[in-house]
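Enquirer: Next one to model:
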Amino acid sequence: METAFLIVSAITLAGAVAAVSLRNLVHCVLAAAVAFAGLAGVFLTLEAEFVAFAQLLVYVGAVSILMVMALGLTRHVTAPAGARAWAPWTVGVGVALLVLAAVVSAVPAAGGPQPAGSGWVAAVRVMGETLMTRHVVALEVLGLLLTAALIGAGVIALPRRKDEE
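Expert: Residues are numbered from 1 along each chain as shown. Have a look, this model is predicted:
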């Protein structure tokens, strides 16, 4: 299991590095999809099957496809030549180090691995019942928001008539 974890972790890191370092946006999205899928593999090696399935369904299935569609619909929108991010790369490295410190400090507090059992089935059932009873309005609003965003991207991507310009 440790060898599989190391291999999948290396694939995940390679995908993440490629996603932030490649110049072509389509290649960046595909590399991000590889990183998302690798993260699902990491969850599988850690015996967190539900989280791995959710990772595949939400990130690899939905977010990656949404990014590809957004790129396809808004391809004519480009940044001006010489445009840069609002801050230098050192700020990004600093934030990454802060996140790393937070994760490393949280690991000892987690208490180590829990024994495998059927307890996760009950937790998944509770999560599903909670989402479909207490948070059903939030799910519906999120669906409407994503639909509006997709329609907005389609409107932006429509070619303009000459009399509108």
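Enquirer: count of neighbours near residue 71?
Expert: By other CB atoms under 10 Å, the residues close to residue 71 number 15. Placement of C-beta: from N, CA and C, glycine included.
Enquirer: list the contacts for it?
Expert: By CB atoms under 8 Å, 6 or more residues apart in numbering, the contact list for residue 71 reads 25-26, 29.
Enquirer: For those residues, which single residue is the most surrounded?
Expert: residue 29 (19 neighbours).
Enquirer: I figured it hits residue 63, correct?
Expert: No. Using CB atoms under 8 Å, residue 29 is not in contact with residue 63; the gap is 9.5 Å.
Enquirer: What does the closest residue to residue 4 other than its chain neighbours show for phi and psi?
Expert: Leaving aside its sequence neighbours, residue 4 sits nearest to residue 45 (CB to CB, 6 or more residues apart in numbering; 5.2 Å). Dihedral pair for residue 45: phi -70, psi -20, per degrees, to the nearest 10.
Enquirer: Need the pLDDT of residue 45.
Expert: Confidence at residue 45, expressed as pLDDT, is 88.
Enquirer: Tell me the buried residues in stretch 59-75?
Expert: For stretch 59-75, the neighbour count (16 or more other CB atoms under 10 Å) marks 59-60, 64, 67, 70, 73 as buried.
Enquirer: residues in contact with the residue nearest in space to the middle of the chain?
Expert: Centroid-nearest residue in the chain: residue 59, 4.7 Å away (criterion: CA atoms, centre = their mean). Applying CB under 8 Å, 6+ apart to residue 59 gives the contacts 36, 39-40.
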